[in-house]
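J.: sequence first, predicted model second:
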Amino acid sequence: MQDRAPLSFSIDTLNRATDTQAAAMMDRIVERSAWLAHRAAAARPFRDAADLATWLETAVRALSHEDAVQLLCAHPELSPPHPTEMTQASQREQGRLRLLDPDTALATRLTDLNRRYLRRHGYPFVIALHAQTDLASVLTAFEQRLNADPEEELARALDEVASVMKARLAALTGGRSARAIPASAATIRGDDAP
């Protein structure tokens, strides 16, 4: 068996994969955090997608402060200067709200918010864009969370990361979080998942 990630994603395939393959499969869910992908691979087998989602949420909430900041720093800021350097998943998530090529006024505002948030909290602002209906709600949350208590904001940011991972997992498994998906039924490929 090769050590590349299978093109399809299913819990059954994840459970049967080599450690290297399983970690590569998890890369589709975690944002540039190979160390967390390897932890997930070591935690197998998972009963179904819901079991993996629960593991992800529990693992994220149990991180040390240092690991939590490392995980958050792996996420891109909103509307970064070089959006094509983001993962495909992040490009899709930000692209849905037109954050990949904002107008000048919005770009200036986001640059200022990103800078201030990073200076205050030490990691980029993370928000589960899949749960936001429009850009106005994102900007409102950004402004509100900018001056939040650091410990409360860290917990909130980790909850947002867990939500992002669970949404990516649901997309890869066809939204069927309650049961495993047979390998033959998984048709979503790599980072091109919707």
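T.: Yep, it's here. Numbers count the residues shown, from 1 in each chain.
J.: where does residue 9 fall, secondary structure wise?
T.: Using DSSP states H and E, residue 9 is not contained in any helix or strand.
J.: neighbours of it, how many?
T.: 27 (other Cβ atoms under 10 Å). All C-beta atoms are positioned from the backbone trio N, CA, C, and that covers glycine.
J.: in this protein, which helix has the most residues?
T.: helix 150-172 (DSSP state H).
J.: helices and strands around the helix or strand where residue 13 lies, which ones?
T.: Here residue 13, judged by DSSP H and E, is contained in helix 11-16. Counting contacts by 3 or more Cβ pairs under 8 Å, 6 or more residues apart in numbering; DSSP states H and E, helix 11-16 packs against helix 19-26, helix 49-61.
J.: which one of the ones you listed lies closest to residue 96?
T.: helix 49-61 (21.3 Å; Cβ to Cβ).
J.: could you say what helices and strands that closest one packs with?
T.: Other helices and strands packing on helix 49-61, by 3+ Cβ pairs under 8 Å, 6+ apart, are helix 11-16, helix 34-42, helix 150-172.
J.: how about a markdown table for those helices, with mean neighbour count and distance to residue 122 added?
T.: Below are the helices and strands packed on helix 49-61 laid out as a markdown table (neighbours: other Cβ atoms under 10 Å; distance: least, Cβ to Cβ, whole Å):
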| stretch | mean neighbour count | distance to residue 122 |
| --- | --- | --- |
| helix 11-16 | 20 | 33 |
| helix 34-42 | 17 | 19 |
| helix 150-172 | 19 | 8 |
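J.: got these as a markdown table, with distance to residue 69 and mean pLDDT columns?
T.: Listed next are these as a markdown table, based on distance: least, Cβ to Cβ, whole Å; pLDDT from 0 to 100:
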| stretch | distance to residue 69 | mean pLDDT |
| --- | --- | --- |
| helix 11-16 | 27 | 96 |
| helix 34-42 | 13 | 98 |
| helix 150-172 | 8 | 97 |
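J.: would you check that residue 153 makes contact with residue 144?
T.: No - counting by Cβ atoms under 8 Å, residue 153 sits too far from residue 144 to count as a contact (10.2 Å).
J.: show me what counts as buried in the helix or strand containing residue 115.
T.: For residue 115, the host element (DSSP H and E) is helix 104-121. Using 16 or more other Cβ atoms under 10 Å as the test for burial, helix 104-121 gives 106, 109, 110, 111, 113, 114, 117, 121.
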